[in-house]
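> Sequence first, then the predicted structure:
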Amino acid sequence: MVSVQLGTRRKSGPSGPVDSAPVDSGPDARLSDLRPGTSGRITGIEESVEPSTARRLFDLGFAPGAEVTVLRRAPLGDPVVYQVVEYEIALRKEQAAGIRVRRTA
Amino acid sequence: MTTIPMHPEPTTDPRTVRWVIPAGTLPLVGPITDAPADLGTMLRSGPVAAIEVETQAVLIRLAADHTWPTAGPRVRDALATALEHPHEWRPATALTEDDLLHAALQDVLNGPAGDYIRSHGGEATIVSARDRRAEVRLSGTCTHCPAADFTLHSRLETELRKRFPALLELHATEQPGRRRPGPTWLPLRRRGA
Amino acid sequence: MSAHCGPTGAGTGTITGGTRLALVGSPNSGKSTLFNALTGLRTKTGNYPGVTVARYEGTARVGKQEVVIEDLPGTYSLDPISPDEQVVADVLDPDNPDLGTPDGILVTLDATTLRRSLGLLAQVMRTGLPICVVLTFRDELARRGGTLDVAALRRALGVPVVAVTGGSRTDLAELQAALPESASWERPVLPPPTDPAQRRSWVESVLLSAGYEVPEADQRTRRIDAVLLHPLWGTLIFFATMFAFFQIIFTVATPLQDAVQSVFDRLGTLVTEYVSNPLLAGFLGNALIGGLGSVVVFLPQIALLFLMISLLEGSGYLSRAAFLMDRLMARAGLEGRAFVALLSSLACAIPGIMATRSLPSAKDRFATMMGAPLMTCSARLTVYVLLTGLLVSPGARVGPFGAQGVVMFALYLVGALSAMATAWVFKRFSSRGGPVLPFYMEMPSYRLPRRRSVADAIWSACKGFLAKVGRIILVVTVGLWLLLSLPLHSDAQLRSAGVDPADRTAVSAYEVDHSYAADIGHAIEPVFEPLGFDWRINVGVLGSLSAREVFVATLGQVAAAQNPDQPTEALTQMTYTDGPHQGQKLFTPATTAALLVFFLYALQCMSTIGVMRRETGSWKWPAVAFGYMFVLAWTMAFLTHTVVGALT
């Protein structure tokens, strides 16, 4: 209860984009590469992602340190439903590809 | 870097704000004479008049010529940094772990769990607090109800463990001469403290 | 906390006086339900200055006081990425001079997604305005085994927190009592931090203090999704649902609409019977009652559509349907949520356009609105039936299928493809300015829709349509009627023209032939001549500007004047009365086909124009839609006329 895992890095500014550099080394994957049923911990947002989009992903809960689970794909392969901070949200491949994760399960 | 969860709550005194922090963040309670980094600077020379640590909060009182809307952000930043260095806080009086346990238990009995007991006409007093073991004596009408025992004890235990994670045992006795005399021992599991 | 000093209640086109509160919340947080429950029937729509984002305002009565509540577009953040979100940020910005700063803010927080929602609350709290949190779906949190201490949450946030469960009146009463007191709402000692890491530490601490625990996943929702989002079963169920959806709007509404129509027809007949002055009778019967009837007749469809949309939305299935359709809609540059709007437009473009409200981005909304009127609506169907009958004989076959059915199917298909293509073009065109919005869509837990919120949604949609669109249509219908009935002809004039004043049919045919509308029909002949239309078709087309069905009625009237016993026969035998083709048959395959195509593309529906005006808040978009659809209709009809003319 006491030590709550709260992200991994401080941000550059009050409303700047989420810093994307991973904290420690290790193989990172794109969220869009994860298969349904697997999970990952977010390490950052790709630098190529528009700052406003990166900021929005952060506000939606896709913040560094957050745990994401891939729930299911749409029948046509896109979009995909993810679980992040206790709720479920669908992202298109394009958005999910901008989120870097470390596989956890 | 992990940022310690904290948020401000108002008190009856507009100059004093209760910064709620997780129990166990600081290994001390009571008035503070010095704190690390900028918080210490503010206490010694600047806008902070007094700091007092409770088991789940830090009470910060501003000097007369400062207000929370203006000084608040700096205090928040300073407190966040200071909480990262829990062993550099200096209490006014040296405290043992027993003192912490006693303070935590007093805090529990002053809080909602104590309110619950009092609302049923009961009373709870601290018998002892040492070596990570505590003992309270319950008296009053609530002890008539055998079903209340378990819920009450487990509630006190949960609340106390929140504030004093190293707790080994909570021992509750009931006032003798009632319907169910003798102590009630609770099997308290030790969670990863 | 310094008090705000912005002007209050000074926004353009807003209700003034009394306390003004803004309602803020993320989509699916129960915001609209709360708005409808608080304001009930007393709502008003307008638009924000400079942008075409609809502004919804309502009045909540608390005792003798009136509190104006402004329902801001749903948002996940105050860092705007779309015009809608910009509006939210602007309204809440005390330094923005264009919009009146509200006296307080109501923030709806979904108790099951509190960890995410507190981020938005933290941003709203930084505006420094008085805030009251309305906690929704606490019953669902309890059902899923989660916990939350509301009193502790209130203490930790430092602002009032009122838990409202569905439509519970006692919960609402507590909130209502607090509404006018925004000045005395408790303020936080310090606004939450802006730094993202510090903000998360604040959120965690508040949740920890409030004893917030929410189970990992809603198992009921997971189990339902396993079926409803299954690649095979989910797709089948989706198509079954959409089929039922369309069937209900289309077939269940029809008898209701017929009933409404017959009531107005009877009223019109009564007027003609009892009012002796023919001009007054015509005005009351045709213009006023007819015009009113043409508005009211859409109510069953709108009510049914909003019944089903609010059921689908309230249950959480709408998000799933959009999820399943997203890939397909992406080809038109749209997203899954636009599917429902386009599908509804198959029944009628009006509910279709109203359904675009569920689209979070204004660009998508306009693109869908521009495409929606091209979907084959039920009004086109009557014209199609008439013209297809003229074009193809009932016995003709294409392979195993009846030729008439094939033509009809082709018209539906071309309409749908044109709608998608148009949406794509508009999306491309409007997206050039700004960055492409990311797509994200929350998948809410399945919930039982509340009867009260469904009823509120239907009622406010119907009321809004009647109040605003009705006025526009009535004005246009009356104007059109004047054009078709003026100038007046005395009996002497009629007799000198060889018309028996006692023969009502002959008189009305003569009146139409010599009306200002006929003059206009002749005047615009050069425009439609290349399509093969004569002045009578032009009058019909002109009349159909109010509603497409009018075309059938107008042509029927003209034909009945010539051969009252067999109007259809009269139509086929109709010839050009003047011009180079005098004496030739009017409804050649080329002309009929051109007319069909013209109706496929043209925006001949005042109600659609009126509802576009209402939904976009300006005349710009209806003007754009009318313009592009007219050009498209003329061009495609000309091509059709040329091609079919060459082939036959």
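Sure, I can see it. Every value quoted in this text rests on a predicted model; they were computed, and no experiment measured them. Residues are numbered from 1 along each chain as shown, chains lettered A, B, ... in the order given.
> contacts and neighbour counts: CA atoms only from here.
Fine.
> Which of the helices and strands in chain B ranks last by mean pLDDT?
helix B:146-163 (a mean of 74; mean pLDDT, DSSP states H and E).
> Identify the residues contacting stretch C:400-419?
Defining contact as Cα atoms under 8 Å, 6 or more residues apart in numbering or on different chains, one finds that stretch C:400-419 is touched by C:370-376, C:384, C:388-389, C:392-398, C:600-601.
> switch the cut-off to 7 Å
Contacts with stretch C:400-419, where a contact means Cα atoms under 7 Å, 6 or more residues apart in numbering or on different chains, come from C:371, C:372, C:374, C:375, C:376, C:388, C:392, C:394, C:396, C:397, C:600.
> Looking at these, state which has the most neighbours.
The residue in the contacts of stretch C:400-419 with the most neighbours, by other Cα atoms under 10 Å in any protein chain shown, is residue C:372 (33 neighbours).
> Quick check: phi and psi at the residue most central in space within chain B.
Nearest to the geometric centre of chain B sits residue B:55, at 2.8 Å (Cα atoms, centre = their mean). Here is the backbone geometry of residue B:55 (degrees, to the nearest 10): phi -70, psi -30.
> just the one 10 residues further on next, same as before
Note on residue B:65: its backbone torsions stand at phi -90, psi 20 [degrees, to the nearest 10].
> got a list of what the closest residue to it other than its chain neighbours touches?
If the residues on either side of it in the chain are set aside, residue B:65 comes closest to residue B:47, at 7.7 Å by Cα to Cα, 6 or more residues apart in numbering or on different chains. With contact set as Cα under 7 Å, 6+ apart, residue B:47 has these partners: B:62, B:63, B:66.
> wait, residue C:27 sits on residue C:75?
Yes. Proximity of residue C:27 to residue C:75 meets the contact threshold set by Cα atoms under 7 Å, at 6.2 Å.
> These two: which has the busier surroundings?
A count of neighbours by other Cα under 10 Å puts residue C:75 above the other of residue C:27 and residue C:75, at 23 against 19.
> Please enumerate the strands of chain B.
With DSSP state E, the ranges of strands along chain B come out as B:7-10, B:16-20, B:30-34, B:48-53, B:57-62, B:90-91, B:122-130, B:133-140, B:169-174.
> Looking at those strands, which is nearest to chain C?
Between chain C and these, the tightest spacing by Cα to the nearest Cα is seen for strand B:7-10, at 5.3 Å.
> by contact count, what packs against that closest one?
Applying 3 or more Cα pairs under 7 Å, 6 or more residues apart in numbering or on different chains; DSSP states H and E, one finds that strand B:7-10 makes contact with strand B:16-20, helix C:196-209.
> ok, and the closest non-adjacent residue to residue C:333?
With sequence-adjacent residues excluded and distances taken as Cα to Cα, 6+ apart, residue C:333 is closest to residue C:424, at 5.2 Å.
> got the buried residues for the strand or helix carrying that neighbour?
Assigned by DSSP states H and E, residue C:424 belongs to helix C:403-431. Applying a neighbour-count criterion of 16 or more other Cα atoms under 10 Å in any protein chain shown, one finds C:403-405, C:407-408, C:411-412, C:414-427 buried in helix C:403-431.
> Neighbour count added to the contacts of residue B:47, as JSON lines?
What follows is the contacts of residue B:47, written out as JSON lines (neighbours: other Cα atoms under 10 Å in any protein chain shown):
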{"residue": "B:62", "neighbour count": "23"}
{"residue": "B:63", "neighbour count": "16"}
{"residue": "B:66", "neighbour count": "16"}
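> Let's see the pLDDT reported for residue B:81.
Looking at residue B:81, its pLDDT reads 91.
> how close does it sit to residue B:163?
From residue B:81 over to residue B:163 the distance is 21 Å, taken as Cα to Cα, to the nearest Å.
> looking at this, residue C:306 is in a strand?
No. Assigned with DSSP: H, G, I helix; E, B strand; the rest coil, residue C:306 falls outside any strand and is helix.
> Is it in contact with residue C:458, as I believe?
Yes. Between residue C:306 and residue C:458 there is a contact under Cα under 7 Å: 5.3 Å.
> Settle it for me: which of those two has more neighbours?
Neighbour tally, residue C:306 and residue C:458, criterion other Cα under 10 Å: the higher count belongs to residue C:306, 26 against 20.
> Could I get the contacting residues of the closest residue to residue A:36 other than its chain neighbours?
Spatial nearest neighbour of residue A:36, chain neighbours left out: residue A:70 (4.7 Å); criterion: Cα to Cα, 6+ apart. Going by Cα under 7 Å, 6+ apart, residue A:70 touches A:34, A:35, A:36, A:37, A:38, A:39, A:81, A:82, A:83.
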